[in-house]
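Engineer: Coordinates for the following, if possible.
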Amino acid sequence: MVSVDGSLFIQIVNFLFLLYALNLVLFKPVRKILLERKEKIDSLDKGIQSLSSKASDKDNSYKEGLKLARTEGLKQKETFVEQASQEEKEILERINKKAQANLAAIRNQVAEESEKARLALEKEVDAFAKAIGEKILGRAC
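Structural biologist: Predicted coordinates:
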């Protein structure tokens, strides 16, 4: 059987003293380190969140800038295509005018040469008619 005597009170005081000493030497420093660690992790987590939001904002602004640049590029491309089409029309118009002028000059030249040939042949028609008549009739006219 267990008897309760003065050693029980000594053990209780010893336990309380040990609890106080362990709390002072071991538990408080460990809790302090854990709290500091938790604060550091929380501050790093907040930093990560802020940097993540900044990165997201920069990514969105980059995408918007890229989209604006593409639309601007397409507008410039359309402008260049329109200018090129206009220049092409002007060049083709100039070429057509030049070709028409050359064609008219060639037609005039052909008309002049045919007129010269006709006049030359008209001068010789009498001689040709006389030669043909002689050949057909077989005698000189």
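
Engineer: I'd like to know how far E112 sits from L121.
Structural biologist: 15 Å (C-beta to C-beta, to the nearest Å). Glycine gets a C-beta too; all of them are placed from N, C-alpha and C.

Engineer: Can you tell me the centre-most residue of this structure?
Structural biologist: Geometric centre of the chain, nearest residue: R70, 5.2 Å, by C-alpha atoms, centre = their mean.

Engineer: so how far is E78 from it?
Structural biologist: For R70, the distance to E78 - C-beta to C-beta - is 13 Å.

Engineer: chain center to stretch 31-46: distance?
Structural biologist: Distance of stretch 31-46 from its chain centroid, counting by C-alpha atoms, centre = their mean, to the nearest Å, is 47 Å.

Engineer: before we move on, what about stretch 93-108?
Structural biologist: Taking C-alpha atoms, centre = their mean, one finds stretch 93-108 lying 44 Å from the centre of the chain it belongs to.

Engineer: start at 22 instead
Structural biologist: Taking 22 as the first residue, the last one we looked at is stretch 114-129.

Engineer: Scan this protein for its longest helix.
Structural biologist: If you go by DSSP state H, the chain has its longest helix at helix 49-158.

Engineer: What does the pLDDT read for the residue nearest to the centre of the chain?
Structural biologist: Note for R91: predicted pLDDT of 96.
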